[in-house]
Structure formats: C-alpha cells, structure tokens
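Q: can you look at this prediction? I've put the sequence above it.
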Amino acid sequence: MYGYYCLNPISQVGLKEFSKKYEQAELAEKADAILVRSADMHQTELAPGVAAVARAGAGVNNIPLEQLAKKGVVVFNTPGANANGVKEMVLAGMLLASRDIVGGIEWLKSQEPAEDLAKKAEKEKKKFAGCEISGKKLGIIGLGAIGVKVANAAVHLGMEVYGYDPFISVDAAWNLSRSIHHINDIAEIYRDCDYITIHVPLLKTTKKMIGKEEISHMKDGVVLLNFARDLLVDEEALCEALETGKVKKYVTDFANPVVAKAPNTLVTPHLGASTEESEDNCAVMAVKQIMDYLENGNIKNSVNYPDCDAGKCVDAGRITINHKNVPNMISQFTKTLGDAGVNIANMTNKSKGDYAYTMLDVTSPIDSQVAEALRNIEHVYRVRVVK
Ligand SMILES: NC(=O)c1ccc[n+]([C@@H]2O[C@H](COP(=O)([O-])OP(=O)(O)OC[C@H]3O[C@@H](n4cnc5c(N)ncnc54)[C@H](O)[C@@H]3O)[C@@H](O)[C@H]2O)c1
Ligand SMILES: O=C(O)[C@H](O)COP(=O)(O)O
C-alpha cells in the first residue's frame, strides 16, 4: 500500500484517481507522497519516507525545491491545468478596471429600493462609466500556459496584443495566435501598452521586476494586472504610482496589507485557479504523476528533477536513483550491480541542472544489500527499489 497526505484540500475528483493501492495517510510522516496547493512548505520537515511532492497548480515558490532535491524528493507541478481559470480572471480583471462596475453595483446596493430608483440610477450612471477594451493595446509579460491563453482571448476581444517572453517554449509559440506582436524589448511594452499583465513565475530573477523605473516608462493611466505573484511587483513604488494616477488601476489576485489600503486597486483573494474545472484538472494530473512515479519510477512534469520515462518495467526488477549531476556516477552504479552479479537490461539517465536521475531495469530481483551499496555511494540522494 502507498500513502498520500494532503497539505491543502485537494479535489475529490483527483483523489478518486488513486487506485486501490493507495490510502490517505492520517499523518504526513506516514505518507509516500504529499499533495499541496499554496501551503508554505519552506519550514516543513518531511519524513524520510516521503518520495514525492505534487503541487496541484503551477507556482512552486511555496516549496523548497533545492532542499527537497538534495533529499531525493521529486517535486511535480501541473503545467497548464489551471491556465483557463486564470485567463478568465484576467479578462474579468481588465473589464472591471475599465468601467467602475464594482462601484456601480455597490452604489445600487446602498440605495433604498424606492419608486424613483431607476430615475436616480440614470442620473448617477455617468460616475461609473469607463472605456471599452476593444482596440486597446495589451502587453503580456510571460507567454507560458496562461499568457498564451490570455493573448489569444484578448485578440478575439479586439485588443492589439504584444507579448514578451525571452524563454518562450516551442509549444507555447505554436499555440500563439499569429496576430500577436512578438516583442524582444520589454521597454516597448511599457512604452506602448494601455493594459499590462504579468504571467511569469516568482524567481530570484523576477522578484520586483516591476519597480519604480519600469513604472516610470509606462504610459500615463496604464492598467496593471498581476495574477502571477505579489512579490513580482515593488508594491511601494506601485502605491506611489496609484496615488499620482500614473497607474490608473492595479488588479491583483494577491491580498496583503500594502495593496489592501492602496487607492484604485482591485484585489481578489487568490481566485485565479479556484474553479471546479481547474481544481479537478490539477488534482487529476498531480495524482497520475504521483502514481506513475511511485509505481514505475517515471517522472513527468517535475520542477526539480528531469523528466524520465522508462515505461512499465517488464524485467525482474527496477531500481531508481536520485543523485547529484557529477561525473562518474553511472560507472559506480553499474560496477556495484556488476559486482553483485546483477545484469542490467535497460538503463536511462537524465539530468536537470545539479540533479540527475537514473533508472535501471535488471534481469534478477534486487536484494537489500545491493540497494544499500548504491545508497552508500557519495552524491546519491535516494535509491528506490521500484520492482
Ligand atoms: N492567480 C492564480 O491563481 C495563479 C494560477 C496559476 C498560476 N499562477 C502564477 O502564474 C505563473 C505563470 O503560470 P503559467 O501556468 O503560465 O506558467 P508557465 O510556466 O507555463 O509560464 C511562465 C512563462 O514565464 C516565462 N518567463 C520566465 N521568466 C520570464 C521573464 N523574466 N520575462 C518574461 N517571461 C518570463 C517563461 O518562459 C514561461 O513561458 C505561475 O508561476 C504562478 O506563479 C497564478
Ligand atoms: O500557482 C498556482 O497554480 C496558483 O497560484 C493557484 O494556487 P492555488 O492552488 O492555491 O489556488
């Protein structure tokens, strides 16, 4: 039996994908795999039995990826599974920033339901008027799963769309509508766009990427949307720009004390992926990835180890090794197996940055002594006898 533990509530549709070989552990220490959404895992000490963490979602800044990689814990996410949910929120955000729809609704709620209400509303409506998004210029920073969907939808809404992503994937590029202007210099987005939306991961290199300098290059009255992570924006600089009207509206999915008291800000409580569909999609993908990893050792959509797929094991045994990406590891593995008289039928080795993963299918069952000998090799983080 395998055990899983959920650090956040995870969609039942996803959890039902677990086969009979799985049960929900009462304690995280008893689990082979952890499922998580936005819970902060940076201070969480995982038990040695935990082999995998699956983030049912995209952003992994809540997970200590390096630290877990060094313990041989593979961290997965679910790329694209909640992208449509976020896209719809971004479109709603642009519309809410363009006319004072929220203000209008609140005004009406505050009125007595008197006979002359319709007349009064006609008189007041100019206070809540605004502009249309059709014909306006939208700049998208980050053309991944979400950025591409926002770009294509905005084209259909009549916007002129400018996209910037120096690391765009081939898949994302293929999915992008041909009418999107591909921008190589982000300054063009700041200079020309009426609406700017950010869809990049929070990394050391992207933290506060929108600061005082960047805002100063933006058009007066720009609308800034942030459905990615709050720390991407220097919110002190942003508040100044909101006060002066340089930024007309800031639409963000991330509540914090700074934006909560800032003027001209529309804050939603991290709702981007909170739809039935996105929650189900993410959970299903996360669960499938965990099962394939625990049962077969295959890695798909990991963010700290390379993807590696050897299919189902048809030989007598399969052993997987998480290790540092340094010279002379494979020769030590093959020597250890060779010395123990174990014949290798198939071998796959992949690396990602400092970390590597080796899958070995062997023609005789692996005993615990051989596994222990592999564990004792320097720079080996984890050895699993999968079969
Ligand atoms: N509000 C929500 O509920 C919600 C939901 C999903 C994702 N997110 C956030 O949105 C982010 C993006 O999600 P995604 O699914 O599109 O991820 P993704 O990995 O598919 O796309 C991210 C894109 O950003 C690009 N990028 C990285 N650094 C860049 C830079 N400096 N400049 C321009 N582009 C850069 C990458 O090349 C990639 O194409 C996530 O990391 C997460 O933080 C928020
Ligand atoms: O990165 C993500 O996928 C989103 O921020 C969604 O987070 P959530 O799963 O906690 O809603």
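A: That came through, no problem. Numbering: from 1, shown residues only. Ligands and ions are numbered 1, 2, ... in the order given.
Q: from here on, contacts and neighbour counts on C-alpha atoms
A: Noted.
Q: now the helix or strand containing E214: average pLDDT?
A: For E214, the host element (DSSP states H and E) is helix 212-216. Helix 212-216 shows a mean pLDDT of 98.
Q: so what does it touch, helix or strand wise?
A: Packing contacts for helix 212-216, counted by 3 or more C-alpha pairs under 8 Å, 6 or more residues apart in numbering; DSSP states H and E, involve helix 235-244.
Q: ok, is the next helix or strand after the helix it packs on in contact with ligand 2 or not?
A: Downstream of helix 235-244, the next assigned helix or strand under DSSP H and E is strand 247-252. No: Strand 247-252 is not in contact with ligand 2 by C-alpha under 6 Å from any ligand atom; minimum separation 11.8 Å.
Q: what pairs with strand 247-252, and is each one parallel or antiparallel?
A: Strand 247-252 has the following sheet partners, assigned by DSSP bridges: strand 222-226 (parallel), strand 265-267 (parallel).
Q: test my guess that Y381 contacts N322.
A: Yes: contact criterion C-alpha atoms under 8 Å: Y381 and N322 qualify, at 5.4 Å.
Q: between those two, which contacts overlap?
A: Shared contacts of Y381 and N322 (C-alpha atoms under 8 Å, 6 or more residues apart in numbering): G72.
Q: about what we covered before: in the helix holding E214, what's buried?
A: Buried residues in helix 212-216, counted by 16 or more other C-alpha atoms under 10 Å: 212, 215.
Q: again with stretch 98-105
A: Neighbour-count burial for stretch 98-105 flags 98-100, 104 (criterion: 16+ other C-alpha under 10 Å).
Q: what sits up against that stretch?
A: Counting by C-alpha under 8 Å, 6+ apart, 96, 125, 128-133 sit against stretch 98-105.
Q: just those residues now: which is nearest ligand 1?
A: Lowest distance from ligand 1 to those (C-alpha to the nearest ligand atom) belongs to L96, with 16.3 Å.
Q: what about E279, which helix or strand?
A: helix 276-296.
Q: could you pull out the strands for the stretch 51-200 of the chain?
A: Taking DSSP state E, counting those that start in this stretch as the test, the strands found in the stretch 51-200 of the chain are 52-55, 74-76, 137-141, 160-164, 181-182, 195-198.
Q: got JSON lines for those strands, with mean neighbour count, mean pLDDT and distance to T336 too?
A: Output for the strands of the stretch 51-200 of the chain, formatted as JSON lines (neighbours: other C-alpha atoms under 10 Å; pLDDT from 0 to 100; distance: least, C-alpha to C-alpha, whole Å):
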{"stretch": "strand 52-55", "mean neighbour count": "27", "mean pLDDT": "98", "distance to T336": "26"}
{"stretch": "strand 74-76", "mean neighbour count": "27", "mean pLDDT": "98", "distance to T336": "24"}
{"stretch": "strand 137-141", "mean neighbour count": "25", "mean pLDDT": "98", "distance to T336": "49"}
{"stretch": "strand 160-164", "mean neighbour count": "23", "mean pLDDT": "98", "distance to T336": "49"}
{"stretch": "strand 181-182", "mean neighbour count": "15", "mean pLDDT": "96", "distance to T336": "52"}
{"stretch": "strand 195-198", "mean neighbour count": "26", "mean pLDDT": "98", "distance to T336": "50"}
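Q: rewinding a little: pick the most deeply packed of the strands paired with strand 247-252.
A: Comparing the strands paired with strand 247-252 by mean neighbour count (mean count of other C-alpha atoms under 10 Å), strand 222-226 ranks first with a mean of 24.
Q: nearest residue to K300 in space, please, no chain neighbours.
A: Nearest residue to K300, sequence neighbours excluded (C-alpha to C-alpha, 6 or more residues apart in numbering): D307, at 5.0 Å.
Q: walk me through the domains of the protein.
A: Following automatic domain parsing, the chain resolves into domains at 1-81+274-305, 83-267, 306-387.
Q: out of the strands paired with strand 247-252, which comes closest to R375?
A: Closest to R375 of the strands paired with strand 247-252, according to C-alpha to C-alpha: strand 222-226, at 44.8 Å.
Q: next one: the closest one to chain centre, how far?
A: Centre-to-centre, strand 222-226 and its host chain are 20 Å apart (C-alpha atoms, centre = their mean, to the nearest Å).
Q: stretch 300-312 too?
A: The answer for stretch 300-312 is 17 Å, by C-alpha atoms, centre = their mean.
Q: repeat that for stretch 260-267.
A: 25 Å.
Q: hmm, who's touching that stretch?
A: Defining contact as C-alpha under 8 Å, 6+ apart, one finds that stretch 260-267 is touched by 97, 239, 242-243, 248-255, 259.
Q: pretty sure E26 sits against G3.
A: No: using C-alpha under 8 Å, E26 is not in contact with G3; the gap is 9.0 Å.
Q: more neighbours, these two?
A: Per other C-alpha atoms under 10 Å, whichever of E26 and G3 has more neighbours is G3, with 20 against 12.
Q: need the per-residue pLDDT for that one.
A: Here, the pLDDT recorded for G3 equals 98.
Q: fine by me, thanks again.
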